[in-house]
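S.K.: Mind looking at a prediction? Sequence and model below.
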Amino acid sequence: MAKIVPFRAVRPTPDKVSLVTCRTYDDYSPAELAAYLDFNPFSFLHVLNPAYVNQQKIGLEKRFKLVAQKYHDFKTERILVEEAIPVVFVYEIQSKNRVYTGIVAGTSIADYQNNTIKKHEDTLQYRVELFKDYLHQTGFNTEPVLITYPDQSDLNNWINQTKSTTSIYEFSTTNKEKHTLWKIDDAAQIKWLQQQFENIGDVYIADGHHRSASAELLYQEDKASGNPHLDHFMSFLIAESNVKIYEYNRIVRDLNGHTKESLLEALAATFWIKNKEQELWKPTKKFEFGMYLDGEFYSLSIKDENSFGDVLESLDAQILYEKVLHPILGITDLRNDERIDYIPGNQSIVTIKEVVDEGEFEVGFMLFPAAIDEIKALADNDLIMPPKSTYIEPKFRSGLIVYEI
């Protein structure tokens, strides 16, 4: 029984929304970041990076306080305004190839604790504690947790009906996406929505495991304060058929002492290998892997697909680790080993070719994306994916909707 709640969101005024909202801070190159900060005084990047003007090196606590102050300035200047009453939203992102539509609402810390909100990825404690401190110092969050739920015809119909009404925002961004937001402030509609989610049962975190874990840790530490906002965290809830799951491809800096020939010989014990030469080849099905080595692409197909046990053992990312990365290339820690890096599958495999050809990396591996059923099965069985197994869209824009704590 999943619970959702409305909240008094803070958001940009309609005339400034296209100027305020931004992609996640880490998505910007240094040149892009400098341009936005130099020439767009309304960008939410000024809130996220308030020390930019002075280019100063400062401690985290001071940085978080500056973020809080800049956020307060944006509200004082009425760049951002607060809803008069608690609301929920319907949010649509339209890219060149896909349309994503979901519901923005508060979700329950209690549901997170009792595993009604299910997880499939591990978290790093230092990152959880760092973002918890950020939430505590700044008092807000603008990046919701992406949560999927099983498709529901009644909810789909309601969303489609809502999209036929007048939106509060409709704007385009420089990465050629169109964004539309509808506000739901009718108490009867909100109650109906809450009942729908109560009937759904379990829901699944697709993206945002660290953010949800940080919200739960903040709740544990500060619940004695009686702050009711700690009981929930902001989520973007979307039907599982409406998410796009990409793989994370792997690039490795060296061959762990292997020559090209000895690496191919070691791989041949587990895989059928075909040299694709200059063909830009990537996997087309599960149990199939791509490799780029010494200027050529290879297909690697598992010889015995029935040799794997549970859903984790048969996950392609786990197979690559157990059969190649660990025993052959000597990589034991996928999170912290500096010999390995990751490229999300929404980027062209040409990127892998380029970084290997440049010489910084020796070999690249391409995977087939995990299916939503695999992710759910892992979560249902309390199993954890290897790090960087999935890159999931849609991605939410910072500064579009703010949840205050």
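M.R.: That came through, no problem.

S.K.: Do you have the helices of this protein handy? List them.
M.R.: 17-20, 30-39, 45-48, 60-76, 109-113, 125-138, 153-163, 187-200, 209-222, 260-267, 316-320, 349-357, 372-380 (DSSP state H).

S.K.: The last one packs against which elements?
M.R.: Think helix 372-380. strand 117-118, strand 203-207 (3 or more C-beta pairs under 8 Å, 6 or more residues apart in numbering; DSSP states H and E). To be clear about C-beta, it is placed using only N, CA and C from the backbone, and glycine gets the same treatment.

S.K.: re the thing from before, ranking the helices of the chain by mean pLDDT, which is last?
M.R.: For the helices of the chain, the stretch scoring lowest in mean pLDDT is helix 30-39; its value is a mean of 87.

S.K.: check contacts around Gly399.
M.R.: 12, 20-22, 43-44, 47, 80, 142 (C-beta atoms under 8 Å, 6 or more residues apart in numbering).

S.K.: One more: Leu400?
M.R.: 11-12, 17, 20-21, 91, 142, 179, 181.

S.K.: Just the ones of those residues in strands?
M.R.: Using DSSP state E, the members of those that fall within strands are 11-12, 91, 179, 181.

S.K.: With adjacent residues omitted, what lies nearest to the residue sitting nearest the centre point of the chain?
M.R.: When C-alpha atoms, centre = their mean is applied to the chain, the residue found nearest the centroid is Asp207 (3.9 Å). Distances taken as C-beta to C-beta, 6 or more residues apart in numbering place Leu146 nearest to Asp207, at 4.0 Å, with adjacent residues excluded.

S.K.: Run a quick neighbour tally on the one you found.
M.R.: 23 (other C-beta atoms under 10 Å).

S.K.: how many other residues sit next to Ile372?
M.R.: 18.

S.K.: Repeat that for Arg211.
M.R.: 24.

S.K.: Now it: closest residue in space, sequence neighbours ignored.
M.R.: Val145 (5.3 Å).

S.K.: do the same with Asp122
M.R.: Ile384 (4.7 Å).

S.K.: what bridges to Ile205?
M.R.: Ile147 (DSSP bridges).

S.K.: Around the spatially closest residue to Val5 that is not a sequence neighbour, count how many other residues there are.
M.R.: Excluding the flanking residues, the one nearest Val5 by C-beta to C-beta, 6+ apart is Gly106, at 4.2 Å. By other C-beta under 10 Å, 21 other residues sit near Gly106.

S.K.: surely the residue nearest to Arg211 meets Ser235?
M.R.: Yes. Using C-beta atoms under 8 Å as the test, Val145 is close enough to Ser235 to be in contact (4.7 Å).

S.K.: Would you check that Tyr112 makes contact with Glu216?
M.R.: Yes. Using C-beta under 8 Å, Tyr112 is in contact with Glu216, at 5.5 Å.

S.K.: Compute the distance between the residue nearest to Arg211 and Ala213, please.
M.R.: According to C-beta to C-beta, to the nearest Å, Val145 and Ala213 sit 10 Å apart.

S.K.: same thing with Asp73?
M.R.: Using C-beta to C-beta, which is the criterion applied here, Asp73 is 30 Å from Ala213.

S.K.: These two: which has the busier surroundings?
M.R.: Taking neighbours as other C-beta under 10 Å, Asp73 and Ala213 compare with Ala213 leading, 24 against 14.

S.K.: Do I have it right that that one meets Glu129?
M.R.: No. Ala213 is beyond contact range of Glu129, at 9.5 Å (criterion: C-beta under 8 Å).

S.K.: and the end-to-end length of stretch 357-367?
M.R.: 20 Å (C-alpha to C-alpha, to the nearest Å).

S.K.: Could you do stretch 86-104 as well?
M.R.: 12 Å.

S.K.: Pull out the buried residues from that stretch.
M.R.: Neighbour counts over stretch 86-104 (16 or more other C-beta atoms under 10 Å) mark 87-93, 100-104 as buried.

S.K.: got the contact list for it?
M.R.: 4-9, 105, 144, 159, 162-163, 176-185, 190, 193, 234-239, 242-244, 393-394, 396, 400-401.

S.K.: Could I have the PyMOL command that selects the buried members from those?
M.R.: In PyMOL syntax, the buried subset of the contacts of stretch 86-104 is picked out as below (16+ other C-beta under 10 Å):
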select buried, resi 4+6+7+9+105+144+159+162+177+179+180+181+182+183+184+190+193+234+235+236+237+238+239+242+243+393+394+396+400+401
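
S.K.: Can you check what pLDDT the model gives the closest residue to Tyr292 other than its chain neighbours?
M.R.: Using C-beta to C-beta, 6+ apart and skipping residues adjacent in sequence, the residue nearest Tyr292 is Gly364, 4.2 Å away. Gly364 carries a pLDDT value of 98.

S.K.: before we move on, what about Ala51?
M.R.: In this prediction, Ala51 has a pLDDT value of 67.

S.K.: repeat for Gln55
M.R.: 52.

S.K.: Buried residues in stretch 117-130, which are they?
M.R.: 117-121, 123, 128.

S.K.: thinking again about what came up before, mind picking the two most distant members of the contacts of Leu400?
M.R.: Spanning the widest gap among the contacts of Leu400 are Val20 and Tyr91, at 15.2 Å by C-beta to C-beta.

S.K.: For Ala31, see how far away Thr162 is.
M.R.: Taking C-beta to C-beta, one finds Thr162 at 39 Å from Ala31.

S.K.: if we can go back for a sec, got the contact list for the residue nearest to Val5?
M.R.: Going by C-beta under 8 Å, 6+ apart, the list of residues near Gly106 reads 4-7, 232-235, 403.

S.K.: hmm, try it at 6 Å
M.R.: 5, 7, 232 (C-beta atoms under 6 Å, 6 or more residues apart in numbering).

S.K.: Next: Ala215.
M.R.: Phe233.

S.K.: neighbours of the nearest residue to Asp357 once chain neighbours are set aside, just the number please.
M.R.: Nearest residue to Asp357, sequence neighbours excluded (C-beta to C-beta, 6+ apart): Gly295, at 7.1 Å. A total of 10 residues lie near Gly295 under the criterion other C-beta under 10 Å.
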